[in-house]
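Chemist: Show me the folded form of this:
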Amino acid sequence: MNHISTIGSAALLGSVGLTVMSVLTGCEAPQEQEPNKFYVIEQQANGKYVVMEEMPTEGENRAIIREKNEDGTVSERFMNEAEMQRLAQQEYEKMEAGQSELNAEPSGEGMGLAGTILAVAAGSLLGNMIGNALMGNKNFKSHSNSVNKSAYHKSKTASGGKSAKSSSKKSFFGGSKSGSSSRTSSSYGG
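Modeler: Numbers count the residues shown, from 1 in each chain. Now for the predicted structure:
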């Protein structure tokens, strides 16, 4: 009898150990990484910047910055991920100190270049923890929506960040059913 209780205790201890290990492993599981993007950021007449185009990319985050010179000619320059990260980190530190445009309600169109980059790419440039924390900030969320005029962003926010699903369903026999579905219930042996 003593042998059976020892086996039961060992099994219980093993089960508790497995449960603890799975919880700890779950906590350390990598979060879904925000996809890298290619941006076209354009300077407006007021000197502020807005995102005109945004596309997912296989490579690193990068941007083309379109700016107007004093004589009105448009020039373009390339910005790689390291430059974007540096600007986003500087703006994040300013925001933490309460000295960023992102701390205030949006006023007018656009923001400074660093604020625009942080508003649209915080998660992919500085990590999901910072991105998620910033998205909890009402002013930050308003700014990120106001500086991004890209069709990609509009379609993403209109569908709640998830791809739209078709209402057409295939039946078992290959035909399609669209619109609402009717539910039938049946009971067996009744």
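Chemist: Tell me which residues of stretch 98-118 come out buried.
Modeler: For stretch 98-118, burial by neighbour count (16 or more other Cβ atoms under 10 Å) applies to 100-102, 106, 110-118. For the C-beta atoms, the positions are set from N, CA and C on the backbone; glycine is no exception.
Chemist: Export it to PDB, keeping only CA atoms.
Modeler: Written as PDB, here are the backbone C-alpha positions of stretch 98-118 (Å, rounded to 0.1, in the frame of the first residue of the first chain):
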ATOM      1  CA  GLY A  98       6.200  64.500 -21.600                       C
ATOM      2  CA  GLN A  99       8.000  66.600 -24.300                       C
ATOM      3  CA  SER A 100       6.600  65.000 -27.500                       C
ATOM      4  CA  GLU A 101       3.800  66.000 -29.900                       C
ATOM      5  CA  LEU A 102       2.500  62.500 -29.200                       C
ATOM      6  CA  ASN A 103       1.600  63.500 -25.600                       C
ATOM      7  CA  ALA A 104      -0.900  66.200 -26.800                       C
ATOM      8  CA  GLU A 105      -4.200  65.900 -28.700                       C
ATOM      9  CA  PRO A 106      -3.600  66.000 -32.500                       C
ATOM     10  CA  SER A 107      -3.800  69.500 -33.900                       C
ATOM     11  CA  GLY A 108      -3.900  69.800 -37.700                       C
ATOM     12  CA  GLU A 109      -2.400  67.400 -40.200                       C
ATOM     13  CA  GLY A 110       0.800  65.500 -39.600                       C
ATOM     14  CA  MET A 111       3.600  65.600 -37.100                       C
ATOM     15  CA  GLY A 112       7.400  65.900 -37.000                       C
ATOM     16  CA  LEU A 113       9.300  63.200 -38.800                       C
ATOM     17  CA  ALA A 114      10.400  61.300 -35.700                       C
ATOM     18  CA  GLY A 115       6.900  61.400 -34.200                       C
ATOM     19  CA  THR A 116       5.400  60.200 -37.500                       C
ATOM     20  CA  ILE A 117       7.800  57.300 -37.600                       C
ATOM     21  CA  LEU A 118       7.100  56.300 -34.000                       C
END
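Chemist: so for it, what's the average pLDDT?
Modeler: In this model, stretch 98-118 has an average pLDDT of 91.
Chemist: Same question for stretch 70-85.
Modeler: Here the average pLDDT along stretch 70-85 is 94.
Chemist: one step back: can I get the buried residues of stretch 98-118 in a markdown table with secondary structure and distance to Glu83?
Modeler: Putting the buried residues of stretch 98-118 into a markdown table (DSSP: H, G, I helix; E, B strand; the rest coil; distance: Cβ to Cβ, whole Å) gives the following:
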| residue | secondary structure | distance to Glu83 |
| --- | --- | --- |
| Ser100 | coil | 18 |
| Glu101 | helix | 19 |
| Leu102 | helix | 19 |
| Pro106 | coil | 25 |
| Gly110 | coil | 19 |
| Met111 | strand | 17 |
| Gly112 | coil | 15 |
| Leu113 | helix | 10 |
| Ala114 | helix | 10 |
| Gly115 | helix | 15 |
| Thr116 | helix | 13 |
| Ile117 | helix | 9 |
| Leu118 | helix | 13 |
